[in-house]
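Colleague: sequence and predicted structure, then a few things I'm wondering about:
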Amino acid sequence: MDGDRRGWRQCLLSGAVFAVCMVGTTLPTPLYGLYQEKFGFSELIVTVVYAVYAFGVIGVLLLAGNASDAVGRRPVLLAGLGFAALSAVCFLCADGMPWLYAGRLLSGLSAGLFTGAATAYVMELAPDGGASRATFVATASTMGGLGCGPLLAGVLAQYASWPLYLPFAVHLALLAGSAAVLLWLPETVRERRPLSTVRPQRAALPPQVRTVFGPAAIASFAGFALFGVFTSVSPAFLAQSLDVHNHAVTGLVVALAFFASTAGQLAVGRVGVGRSLPLGCAGLLAGLALLAGALWWELLPLVVLSALIGGVGQGLTFRGALSAVAAASPADRRAAVISMLFVVAYAGISVPVIGVGVLVGPLGLEGAGLVFIAVMAVLVLSAALYLVRRPAVRTTPGT
């Protein structure tokens, strides 16, 4: 009993460190309008700045996504915290666009190191038999941290001084505390190898993972694409079309999507991993429809409903995909396989976001958003039909 209690305490603490790292990746979201006023860049540049982060994540996942399987979880996670701290310093020093690009790239490098390694670490610290709950801790830490970022920055920007500096100073303090916690937690990789043995990721997957990975990756791409466009474009839409200039409100609307995702992840325990993927796609379709209505009629309540329902759908697909892939992966390649799933997910964040930014010029913000919604609706519907015909995993509710 004491061992289980200690294991869950360590699991939750590692999840908290994971969340603090992810806070930094969305911290600038409600601040982009202020940066636009300060530096005078277009909406396309906003989406490019946002996507630079995703390219950083993908680069690390491909080049060193399996590093923690070799050198250990803690060294990789400490390096991730270091990159997150450097990102915060870039934003604190920002007096031009190069600083923003550098800050977002460093944030992407940090998240890239954390995604596979921290997910595997959280699951390995949990007591025996706690895989399902540990998966929820890992995914909830991801989405909870992503949601707290815009909420924290929005509140500080609206109600405190130095809106472009204080959020990053607070994050630096949180990162220092996280490093202390991580140094206290134990290492879970028993047989470590030199860093020189780490090689770039290959597209090849273990045979037992391949049939699970395809449908899980499709659902993850669709869910992250919705979140990518929602977080990068919605602040501008709220300000320009709905006349919402309160940074705290903007941060809250974006945060709701991530918090709803956590609720969707919690529901996976009731509906089962196999059912969560097609049900999540249905939620994503509903969220897209509501977002289309919000853009067409310019209604704030529909934006909020889109965040909530689309977020639940994303949470169902995200945890379902992660659970299916992690369960099918051999232990010595788990972090590498999870990293490959995140490569697909972060491709969903980056590519559609840039596409929307390109279309904003000729079509306007609303028109670009509607084109994105139409394309994503086709993708999500195709994924849902595929998952109904060929489930990623067959399980019973509660697994």
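Modeller: Looks like it arrived, so ask away.

Colleague: per-residue confidence for the closest residue to residue 97 other than its chain neighbours?
Modeller: Distance criterion Cβ to Cβ, 6 or more residues apart in numbering; nearest residue to residue 97, sequence neighbours excluded, is residue 39 at 5.9 Å. Glycine gets a C-beta too; all of them are placed from N, C-alpha and C. According to the per-residue confidence, residue 39 scores 92 in pLDDT.

Colleague: mind checking how far residue 39 is from residue 356?
Modeller: The spacing between residue 39 and residue 356, counted by Cβ to Cβ, to the nearest Å, is 20 Å.

Colleague: so which of those two has more stuff around it?
Modeller: The residue with more neighbours, out of residue 39 and residue 356, is residue 356; 23 against 14, by other Cβ atoms under 10 Å.

Colleague: and the more buried one, which of the three is it?
Modeller: Using DSSP: H, G, I helix; E, B strand; the rest coil, the secondary structure recorded for residue 356 is helix.

Colleague: ok, it - contacts?
Modeller: Each residue near residue 356 by Cβ atoms under 8 Å, 6 or more residues apart in numbering is listed here: 47, 229, 232-233, 368-369, 371-372.

Colleague: what is the most widely separated pair among those?
Modeller: Comparing all pairs in those by Cβ to Cβ, the longest separation belongs to 232 and 371, at 15.1 Å.

Colleague: so those two - more neighbours on which side?
Modeller: Residue environment comparison for residue 232 versus residue 371 gives the larger neighbour count to residue 232, 27 against 14, counting by other Cβ under 10 Å.

Colleague: residues touching the more buried one, list them.
Modeller: Residues near residue 232 by Cβ under 8 Å, 6+ apart: 29, 32, 46-47, 50-51, 353, 356-357.

Colleague: hmm, which of these is lowest in pLDDT?
Modeller: Per-residue confidence over those reaches its minimum at residue 50, where pLDDT is 78.

Colleague: if we can go back for a sec, just the contacts of residue 232: which are in strands?
Modeller: Assigned to strands by DSSP state E, none of the contacts of residue 232 qualify.

Colleague: quick one: which of those sit in helices?
Modeller: The helices, defined by DSSP state H, take in 32, 46-47, 50-51, 353, 356-357 from the contacts of residue 232.

Colleague: Serialize those residues to a markdown table and add fields for distance to residue 191.
Modeller: Formatted as a markdown table, these follow (distance: Cβ to Cβ, whole Å):
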| residue | distance to residue 191 |
| --- | --- |
| 32 | 45 |
| 46 | 45 |
| 47 | 43 |
| 50 | 39 |
| 51 | 38 |
| 353 | 40 |
| 356 | 45 |
| 357 | 45 |
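
Colleague: which of these sit farthest apart?
Modeller: For the ones in helices among the contacts of residue 232, the maximum inter-member distance is 13.9 Å, found between 32 and 356 (Cβ to Cβ).

Colleague: hang on, residue 100 packs against residue 91?
Modeller: Yes - counting by Cβ atoms under 8 Å, residue 100 does reach residue 91; the two are 7.4 Å apart.

Colleague: which neighbours do these two share?
Modeller: Taking Cβ under 8 Å, 6+ apart as the criterion, residue 100 and residue 91 both touch residue 28.

Colleague: and the two? Which one has more around it.
Modeller: The residue with more neighbours, out of residue 100 and residue 91, is residue 91; 25 against 22, by other Cβ under 10 Å.

Colleague: so what's that one up against?
Modeller: Counting by Cβ under 8 Å, 6+ apart, residue 91 touches 27-28, 99-100, 103, 164, 168.

Colleague: where in the stretch 101-250 of the chain is pLDDT low?
Modeller: 201-204 (pLDDT under 70).

Colleague: can you list the buried residues in the strand or helix carrying residue 270?
Modeller: Using DSSP states H and E, residue 270 maps to helix 247-271. Neighbour-count burial for helix 247-271, with 16 or more other Cβ atoms under 10 Å as criterion, is recorded at 247-262, 264-269, 271.

Colleague: what of stretch 228-235?
Modeller: In terms of neighbour count (16+ other Cβ under 10 Å), stretch 228-235 has its buried residues at 228-235.

Colleague: can you put these in JSON lines and add distance to residue 138 and secondary structure?
Modeller: Output for the buried residues of stretch 228-235, formatted as JSON lines (distance: Cβ to Cβ, whole Å; DSSP: H, G, I helix; E, B strand; the rest coil):
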{"residue": "228", "distance to residue 138": "20", "secondary structure": "helix"}
{"residue": "229", "distance to residue 138": "24", "secondary structure": "helix"}
{"residue": "230", "distance to residue 138": "22", "secondary structure": "helix"}
{"residue": "231", "distance to residue 138": "20", "secondary structure": "helix"}
{"residue": "232", "distance to residue 138": "24", "secondary structure": "helix"}
{"residue": "233", "distance to residue 138": "28", "secondary structure": "helix"}
{"residue": "234", "distance to residue 138": "26", "secondary structure": "helix"}
{"residue": "235", "distance to residue 138": "28", "secondary structure": "helix"}
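
Colleague: helix, strand, or coil at residue 17?
Modeller: Secondary structure of residue 17, reduced to three states by three-state DSSP: helix.

Colleague: so it sits right up against residue 183, yeah?
Modeller: No - contact between residue 17 and residue 183 fails when scored by Cβ under 8 Å: they sit 10.4 Å apart.

Colleague: so between these two, which is more surrounded?
Modeller: Summary of the neighbour comparison: residue 17 and residue 183, criterion other Cβ under 10 Å, with residue 17 having more neighbours (28 against 9).

Colleague: wait, what's in contact with that one?
Modeller: Taking Cβ under 8 Å, 6+ apart as the definition, contacts of residue 17 comprise 77, 81, 118, 178, 181-182, 185.

Colleague: name the nearest of these relative to residue 57.
Modeller: Checking those against residue 57 with Cβ to Cβ, the nearest one is residue 118 at 12.9 Å.

Colleague: tell me, how many residues neighbour the closest one?
Modeller: Burial of residue 118 is recorded as 29 neighbouring residues (other Cβ under 10 Å).
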